[in-house]
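3D, please:
(one chain, ligands or ions: 1)
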Amino acid sequence: MESPRKDYSSISPSAKSLLMMKGYTQIPYAHQTAQLMHGPEVFNLNFDDKDFWFWARVMHFEARYWSIDQLLKETDATNILELSSGFSLRSLDMCRKSKVHYVDTDLPDIITTKKQMINELGLESGLEGKLELLPLNALDEKAFSDITTRFDNGPLTIVNEGLLMYLGIEEKKQLCSYIHKALKQHGGQWITADIYIKRPAEVLDMMPQSKQETQFFEEHKIEENKFDSYEAAKKFFEGAGFEFIKEAVTDYSQLSAMPHLISTLPPEARDKKDGPPKIQATWMLKAK
Ligand SMILES: C[S@@+](CC[C@H](N)C(=O)[O-])C[C@H]1O[C@@H](n2cnc3c(N)ncnc32)[C@H](O)[C@@H]1O
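Next up is the predicted model:
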């Protein structure tokens, strides 16, 4: 299998870009933590103009973040494992508000930086829940299994956003098998926001992409790694032993990026009745 040798840390710079975009939203701690980020980011996003496409991206990632929270609220999850969390602080937010045991994981460098950020902002105290920030390569079977033993008895909820599109089909199957095994042992569910569908050529042509972003997408085969359709995604997860439970439904009117998006909407798009094509979904899955 290729994953033990693959350098997954080449994916990590995307977490910085995401945080810098989320810094313009009401996502908990995103603004504060984004302020600590300095230097260039990998997609060479245009933070000066903040045009329609900038806000479209921000809104997409804001919606994706809340979609996981929405499905989490529909469970009684008290044991939560987040994979490839990047600089997201959902873990801290949840541990401030409730008595959950939240294990927040990503590759070692990201976790080290994230711990420094929490420390610098003085956010480590006053938690109701138990927060653990730990390094984990989600494709390392032994490390994955060891992490799941940290939880007391009771169902486990695994969450992730922004990982599957970096994984080839065999790596996806591998990750699914680790998650499946953990859910079979503990009970619980997997909430993943990574149901991305290959974008039709006209959508690809429409969206401006910097040279750096195009290069990053090509290097990581992002478009290729997406699912062909939602039906194909369902088939894939069924084949991996999962049962589809439900999909998150976004209320776009609640998103903090929405007013910005509307104010930058190009005139030709204002009169359009149909919204943007759906490119992503967040699903709750259970192990059969
Ligand atoms: C696009 S970012 C998403 C970060 C965060 N979930 C968010 O949405 O803001 C992708 C993240 O996946 C992490 N990553 C890549 N390969 C990984 C692996 N094998 N195991 C764990 N994390 C991984 C990267 O370090 C990076 O933080």
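
so where does residue 113 fall, helix or strand?
Using DSSP states H and E, residue 113 sits within helix 108-120.

Which residue, other than its chain neighbours, is closest to residue 47?
Residue nearest to residue 47 in three dimensions, not counting chain neighbours: residue 20, with 7.1 Å by CB to CB, 6 or more residues apart in numbering. C-beta here means a position set from N, CA and C on the backbone, and glycine is covered the same way.

Surely that neighbour is within a strand?
No: under DSSP: H, G, I helix; E, B strand; the rest coil, residue 20 sits outside any strand and is assigned helix.

Pretty sure residue 42 is one of the things it touches, is it not?
No: with contact defined as CB atoms under 8 Å, residue 20 does not reach residue 42; the gap is 10.3 Å.

Against the ligand, how distant is residue 288?
25 Å (CB to the nearest ligand atom, to the nearest Å).

who are the neighbours in contact with that residue?
Contacts of residue 288 were listed using CB atoms under 8 Å, 6 or more residues apart in numbering, and they are 241, 242, 243.

Look up how far residue 180 lies from the first one.
Per CB to CB, to the nearest Å, residue 241 is found 5 Å from residue 180.

Tell me the helix or strand right after the helix or strand hosting residue 68.
Using DSSP H and E, residue 68 sits in helix 52-73. Remark: after helix 52-73, the chain's next helix or strand is strand 79-83, criterion DSSP H and E.

what does the stretch 151-288 of the chain have sitting close to the ligand?
Residues of the stretch 151-288 of the chain lying near the ligand by CB under 6 Å from any ligand atom: 161, 162, 163, 166.

picking up where we left off before, from the contacts of residue 288, which is closest to residue 105?
residue 242 (20.5 Å; CB to CB).

pretty sure the closest one contacts residue 177?
No: shown here, residue 242 and residue 177 do not form a contact pair, counting by CB under 8 Å, at 10.8 Å.
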